[in-house]
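Q: I would like to see how this sequence folds:
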Amino acid sequence: MSVPRNSYFLFMGIVNKVKRALRGEVDARTLALEAWRRSRAARERRRERASLESLSTIPVRLRMEFARMPAPEMLDYFRNRATPKFFPGCDALSQATSGLQRSLFPFETAQLLERAARITDEHCWSMLGYGEKYFGEQINWLNDPLSGAQWPLDYHTDVKLFRGDGSDARVLWEVNRLAHLVTLARAYTVTRDEKYAAEIFDQLASWREQNPLGRGVNWACAMEAALRAVNLLAVFELLRDSPQLSEETLSSFLQMFDQHGAHIRRNLEFSYISTSNHYLSDVVGLLWLGIMLPELEAADGWRVFGLRELLREMDKQVLPDGADSEASTGYHRLVLELFLYSFVLCHANGIEIGKQYWSKLRAMLDYVRAYLRPDGRAPLIGDTDSGQVLPLVRRSADDHAYVLALGAAVFNEPRFKFSTREVMPEELLWVLGEEGVRVFQSLAETGGDIGSQAFKDAGTYIMRDRDLYLLFNASGNGLLGRGSHGHNDALSLEVSACGTSFIVDPGTYVYSADLQERQLFRSVAYHSTVEVDNAEQNSTDPALPFVMGDEAHPQVLSWETGGERDTIIAAHNGYKRLAEGITHARKVQFVKRERLWIVEDSLSGTGEHLFRFRFHFAPDLETSVRAQGIVRACDKMTGAQLFVAALDLDVVPEFEPRFTSRDYGAKAASVSVCWTVRAATPCKFRWAIVPACADDDENERLCLIARYKDR
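A: Alright, predicted model coming up:
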């Protein structure tokens, strides 16, 4: 590849920067392509910066036949157009959704209207795990709702996202995705009350005034512009027949969509080294804008590019076993929504998608079905920022069952009808319409017949038998070692039994708002695995919250499953970089007849080391140490118990204060039980994990532990 002489020094500087940023092996050709891409992007940013004022004043770019259309005729056209088609349940020309929402979801409808009233009358709405916030009589779209810090209107690439003042771009972005306007649009559909439509148009006007194109934090990430565009497309569709949609507001809407699409296209988050949910969101935004607004001059190009890249990213980002490649169940949900909703939209508009991609989508749903605990909640492996695509209903980070329900109707698949928590989610009606509801209701409920499953590409292994569930995590950092959403959780466990979640992953809590907390929640000390000499499995730097080394490389050595017993053996090399390197291997046996797990940790290497063996308990459990050092965790609501015992140690364990986060920004007090041992290597230690349901004989369960101690 030749580089123009006058760009040589810029190019070589970027090459060196790329080299410093790399984790994992990258071939020379990819390195050169990435350096060239960044050099070209830098030139494009300079051009964009220089022309920003003119870009922001360009009228909406319509195809010729629409550009010549008189404004009254244009308004009438958009009010009554029958194509393109949005989701069946969001059809402004149909009255079915309103009646079905009230009849199928009476309690949820009351909640919806209450939330809409709070947004309209008081500018209050819930945000992530922070609960309801008040956004002021005049909403300040650049004010951080947590710290009160005001974000500047600098050129978008100049905005510093990590400020060190307690502010969090992720939180402000959530506000500016404008999902609360979807709530208002749904309330309008149900009630036909024009106050909701008026509030939407007032807020959009203030948003546009405070967020000039390309300036400020709300334009700093193309993914955010894309997700905002997706939400606004739903709002636009639901308000098409409102009298509040005037010639002026229609023109404003169309210009806003045009600006968002053009900005995304100029600022794609693509890399030759790796792409993630960010670039996928970018292309989804372009695809949706291209499908839903064919009247725009650029729409055809956006649609073609968006569809092509969507399918390419499915090939790249979805592993053969159906898991998202970022080593995160939270981002698996987000990526699954991006694909699922986009496929539904394409299908509604006659856009063909190959069978192999529908098969991959089904595999993504199979993965969700497998990892959902018996209580219907998801283990929060790796990062989660509680992000949703088109949040028709606000869902906590560990609520994934509603996506499975959508999959049940899309694929007419009874296995996806997971009925433990929720008979039917509202999303079914709004995304798939009356027909989707009918299909779902006709499916037999077979969601409880899930057995043990292995997802070797993801590194996720699930041992199940009726109400017993253990998830074994042998995943790496994601994205071939370059992932930014993995945690130091190699060979960690989640355990649920008797309807109670006992041993859990701690979740994420926050990103940039508190770098110390960010570090804790992704640390080995917060996970149910082994810590050696106070070191992390993969190297980390608290100042770099989205960078993690790639030293551990977990590897599954053996996996066997059968009617009586499941066994997994895995190892990682994260501690080999110590002066006297250590390999940690963990074996877990699930003895189904006796309803227990035996965990065996083997530490091989040289020298004496400090080992900490931890199990991180869920919040709201009563924990204590019984005789012989047996740890008891009890769910006082159900009477279910879990006993954890060291089979080869007489060391009295300690309870360490911890936190667990089930939603971004929220955390609850919990504890880890920790056995601390200084020992020479090689060495081996075993643990018994024994559940006891409320009607079990407790002494009998404790006798099992004693028998295994003697083996």
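Q: Going by C-alpha atoms from here, please, whenever you check contacts or count neighbours.
A: Fine.
Q: which one is A571 nearest to, not counting chain neighbours?
A: With Cα to Cα, 6 or more residues apart in numbering as the criterion, A571 has its nearest non-adjacent residue at 4.0 Å, and that residue is A585.
Q: first vs last residue of stretch 612-632, how far apart are they?
A: This stretch, stretch 612-632, spans 19 Å end to end (Cα to Cα, to the nearest Å).
Q: tally of neighbours for S396?
A: 17 (other Cα atoms under 10 Å).
Q: in which helix or strand would I find it?
A: Assigned by DSSP states H and E, S396 belongs to no helix or strand.
Q: Can you read off the pLDDT for the nearest residue to L254 once chain neighbours are set aside?
A: Distances taken as Cα to Cα, 6+ apart place V60 nearest to L254, at 6.4 Å, with adjacent residues excluded. V60 carries a pLDDT value of 96.
Q: R482 too?
A: 86.
Q: Repeat that for D27.
A: Per-residue confidence (pLDDT) for D27: 88.
Q: how much space between it and R37?
A: Noted for D27: a distance of 15 Å to R37, by Cα to Cα.
Q: So these two - more neighbours on which side?
A: R37 (17 against 8).
Q: For that one, which three-state class applies?
A: Following DSSP: H, G, I helix; E, B strand; the rest coil, R37 is assigned to helix.
Q: Likewise for G99?
A: Going by three-state DSSP: G99 is helix.
Q: contacting residues for the nearest residue to it once chain neighbours are set aside?
A: What sits nearest to G99 in space, not counting adjacent residues and going by Cα to Cα, 6+ apart, is V190, at 7.5 Å. By Cα atoms under 8 Å, 6 or more residues apart in numbering, V190 lies in contact with 97-99, 101-102.
Q: Could you dump those into a markdown table and include distance to L286, pLDDT and neighbour count?
A: Output for those, formatted as a markdown table (distance: Cα to Cα, whole Å; pLDDT from 0 to 100; neighbours: other Cα atoms under 10 Å):
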| residue | distance to L286 | pLDDT | neighbour count |
| --- | --- | --- | --- |
| T97 | 27 | 95 | 21 |
| S98 | 29 | 95 | 21 |
| G99 | 33 | 95 | 13 |
| Q101 | 30 | 96 | 20 |
| R102 | 34 | 96 | 14 |
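Q: Nearest to I630 among these?
A: Of all the contacts of V190, I630 sits closest to Q101, with 51.0 Å by Cα to Cα.
Q: For that closest one, which non-adjacent residue is closest in space?
A: Take Q101 and drop its neighbours on the chain: the residue closest to it by Cα to Cα, 6+ apart is T109, 6.7 Å away.
Q: same deal with A497?
A: L468 (4.6 Å).
Q: hang on, isn't that neighbour packed against S496?
A: Yes - in this structure, L468 is within contact of S496 by Cα atoms under 8 Å, at 6.0 Å.
Q: Could you name every residue contacting both of these two?
A: P374.
Q: Beyond the host helix or strand of S501, next helix or strand please.
A: Assessed by DSSP H and E, S501 sits inside strand 500-503. Where DSSP H and E defines the elements, the next helix or strand beyond strand 500-503 is helix 515-521.
Q: Count the residues that sit near P70.
A: Neighbour count for P70, taken as other Cα under 10 Å: 10.
Q: Would you mind writing the CA trace of stretch 386-394 as PDB?
A: Provided in PDB are the C-alpha atoms of stretch 386-394 (Å, rounded to 0.1, in the frame of the first residue of the first chain):
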ATOM      1  CA  SER A 386     -28.200  -1.800  31.000                       C
ATOM      2  CA  GLY A 387     -28.400  -0.700  27.400                       C
ATOM      3  CA  GLN A 388     -31.500  -1.500  25.300                       C
ATOM      4  CA  VAL A 389     -32.500  -1.000  21.700                       C
ATOM      5  CA  LEU A 390     -35.800   0.700  21.400                       C
ATOM      6  CA  PRO A 391     -36.800   0.300  25.100                       C
ATOM      7  CA  LEU A 392     -40.500   0.100  24.800                       C
ATOM      8  CA  VAL A 393     -40.400  -1.200  28.400                       C
ATOM      9  CA  ARG A 394     -37.600  -0.300  30.700                       C
END
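Q: tell me which residues in that stretch are buried?
A: Across stretch 386-394, burial judged by 16 or more other Cα atoms under 10 Å covers 386-390, 392-394.
Q: Just name the closest of the residues you listed to N218, please.
A: Distance to N218 across the buried residues of stretch 386-394 (Cα to Cα) is lowest for G387, with 15.9 Å.
Q: Hmm, the closest one is touching H332, no?
A: No - taking Cα under 8 Å as the definition, G387 is not a contact partner of H332, at 10.6 Å.
Q: ok so, going back, distance to A225 added to the contacts of V190, as a markdown table?
A: Output for the contacts of V190, formatted as a markdown table (distance: Cα to Cα, whole Å):
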| residue | distance to A225 |
| --- | --- |
| T97 | 28 |
| S98 | 29 |
| G99 | 33 |
| Q101 | 30 |
| R102 | 33 |
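Q: Pass me the low-pLDDT residue ranges in this structure, would you?
A: Low-confidence segments of the chain, defined by pLDDT under 70: 1-25, 419-422, 447-448.
Q: Got the domain ranges for it?
A: What automatic domain parsing lists as the domains of the chain is 5-50, 318-447, 453-709.
Q: which residues pair with the residue nearest to A571 across the strands?
A: When bridges are called by DSSP bridges, A585 pairs up with A571, S602.
Q: And for it, the neighbour number?
A: 22.
Q: Can you name the residues that contact it?
A: Neighbouring residues of A585 by Cα under 8 Å, 6+ apart: 569-572, 601-603.
Q: Of all pairs in those, which one is the farthest apart?
A: When Cα to Cα is used, the two most widely separated members of these are I569 and L603, lying 13.1 Å apart.
Q: neighbour count winner among those two?
A: Counted by other Cα under 10 Å, I569 and L603 do not tie: L603 has more neighbours, with 23 against 20.
Q: And the strands in the stretch 501-650 of the chain?
A: In the stretch 501-650 of the chain, the strands defined using DSSP state E, counting those that start in this stretch lie at 530-532, 555-561, 565-572, 582-591, 596-605, 608-616, 622-625, 631-634, 641-646.
Q: Any idea how many residues pack against V651?
A: Other residues near V651 come to 13 when the count uses other Cα under 10 Å.
Q: With V423 instead?
A: By the criterion of other Cα under 10 Å, V423 has 13 neighbours.
Q: so who does it touch?
A: Contacts of V423 by Cα under 8 Å, 6+ apart: none found.
Q: would you say it is within a strand?
A: No - in this structure, V423 is coil, not part of a strand, as judged by three-state DSSP.
Q: how about the nearest residue to E698, chain neighbours excluded?
A: Using Cα to Cα, 6+ apart and skipping residues adjacent in sequence, the residue nearest E698 is A692, 6.6 Å away.
Q: what bridges to the one you found?
A: Applying DSSP bridges, one finds that A692 bridges with Q641.
Q: Count the neighbours of the spatially closest residue to E536 that is not a sequence neighbour for me.
A: Spatial nearest neighbour of E536, chain neighbours left out: V524 (5.9 Å); criterion: Cα to Cα, 6+ apart. The number of residues packed near V524 is 24, by other Cα under 10 Å.
Q: what do you get for E209?
A: Look at E209: counted by other Cα under 10 Å, it has 11 neighbours.
Q: ok, now the one 5 residues further on?
A: G214 is surrounded by 23 other residues when neighbours are defined as other Cα under 10 Å.
Q: how far away is it from D154?
A: Taking Cα to Cα, one finds G214 at 9 Å from D154.
Q: Verify the contact between P379 and L493 for me.
A: No - applying Cα under 8 Å as the test, P379 and L493 come out as separate, 10.1 Å apart.
Q: now, which of the contacts of A585 sits nearest F613?
A: Using Cα to Cα, the contacts of A585 come closest to F613 at D601, 9.0 Å.
Q: Sweet, I'm off.
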